[in-house]
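Colleague: let me see the structure of the following:
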Amino acid sequence: MRALALILFTMCFCIVSLMAFAHEGHVEPAPAVAGAQPATGTHDAKTWFTDTPLQDQNGETLRFYSDALQNRVVLLNVIFTSCNDACPLITRKLKEVRELLGDKADGITFISLTSDPLRDTPAVLKAYTLKQGVDGPHWFFLTGDKSQMDLVLSRIGQIVPTPEQHSTQLIVGDVANKRWSKIRPDAPAAAIAQRLQLLTMPVAGR
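Modeller: Numbering: from 1, shown residues only. Alright, predicted model coming up:
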């Protein structure tokens, strides 16, 4: 009975984690599992996420997998800087999460990907980070040309016909150990921080 209860609890957690957060102007696509494998069946994370070159808010070029994801505990989300509702609210929530993490925040990388690369240049992203007070070494705001961003966004389960149609869900992952889940952005900051802290803990038996 105890094992059955644990299984049911895990199933309920996964269902809650995958629930969409609806907000004005943001349309939630069907949930996809971050890190899901492509049709070829490859289990290589670099091949799946791709090493697409993107630019951060400082104009530095980063390879998406090798420089932003590899061997990190990460939180991924999608924003666009001209958004006046959900995006700045979520950015401020994530700033609160980093503050709650304290010293542990240095071991967790936040990655905000733009859904509006035509307008969100590195300079525009830099201005946004300064306005929101989130310009730090462990938080990348990434952009590129449209084809690059479409590819990267598709690999985290997002097809974005227009900037407003991005998902507001948060994706958290321990890349090295292939542990991924989704979190509603309206979850309490403390709950998001706790989930990230759990991902920094060693995996039993490894």
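Colleague: find the nearest non-adjacent residue to the residue nearest the centre of the chain, please.
Modeller: Nearest residue to the geometric centre of the chain (C-alpha atoms, centre = their mean): L76, 0.9 Å. Spatial nearest neighbour of L76, chain neighbours left out: I171 (4.3 Å); criterion: C-beta to C-beta, 6 or more residues apart in numbering. In this view, the C-beta of every residue, glycine as well, is placed from N, C-alpha and C.
Colleague: distance of that neighbour from R92?
Modeller: Distance, I171 to R92, using C-beta to C-beta, to the nearest Å: 19 Å.
Colleague: neighbour count winner among those two?
Modeller: Legend: neighbour count by other C-beta atoms under 10 Å for I171 and R92, higher for I171 (23 against 14).
Colleague: in PDB, list the C-alpha atoms belonging to the helix or strand the more buried one falls within.
Modeller: I171 belongs to strand 170-174 when assigned by DSSP states H and E. Taking Å, rounded to 0.1, in the frame of the first residue of the first chain, the C-alpha atoms of strand 170-174 are listed here in PDB:
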ATOM      1  CA  LEU A 170       9.100  27.000 -16.300                       C
ATOM      2  CA  ILE A 171      11.300  24.000 -17.100                       C
ATOM      3  CA  VAL A 172      13.800  22.900 -14.500                       C
ATOM      4  CA  GLY A 173      16.500  20.300 -15.100                       C
ATOM      5  CA  ASP A 174      19.600  18.600 -13.800                       C
END
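Colleague: backbone dihedrals for I159, please?
Modeller: For I159, the backbone dihedrals (degrees, to the nearest 10) come out as phi -110, psi 120.
Colleague: correct me, but it touches L151?
Modeller: No - counting by C-beta atoms under 8 Å, I159 stays clear of L151, with 11.0 Å between them.
Colleague: and the residue nearest to the centre of the chain, which of the three is it?
Modeller: Put simply, L76 is strand when judged by DSSP: H, G, I helix; E, B strand; the rest coil.
Colleague: verify the contact between it and Q169 for me.
Modeller: No - using C-beta under 8 Å, L76 is not in contact with Q169, being 9.3 Å away.
Colleague: mutual contacts of these two, please.
Modeller: Shared contacts of L76 and Q169 (C-beta atoms under 8 Å, 6 or more residues apart in numbering): none.
Colleague: helices of the chain, start to end?
Modeller: Counting by DSSP state H, one finds helices in the chain at the ranges 2-17, 45-49, 86-101, 122-132, 146-155, 189-200.
Colleague: for the third one, buried residues please.
Modeller: Burial within helix 86-101, assessed by neighbour count using 16 or more other C-beta atoms under 10 Å, is assigned to 86-87, 90-91, 93-95, 97-98, 100-101.
Colleague: how far off strand 170-174 does that helix point, in degrees?
Modeller: Following axes from the mean of the first three to the mean of the last three C-alpha atoms, to 10 degrees, one obtains 40 degrees for the angle between helix 86-101 and strand 170-174.
Colleague: got the contact list for helix 86-101?
Modeller: 23-26, 75, 77, 79-81, 105, 108, 110, 112, 132-134, 136, 138-139, 168, 170, 185, 189-190, 192-193, 196-197.
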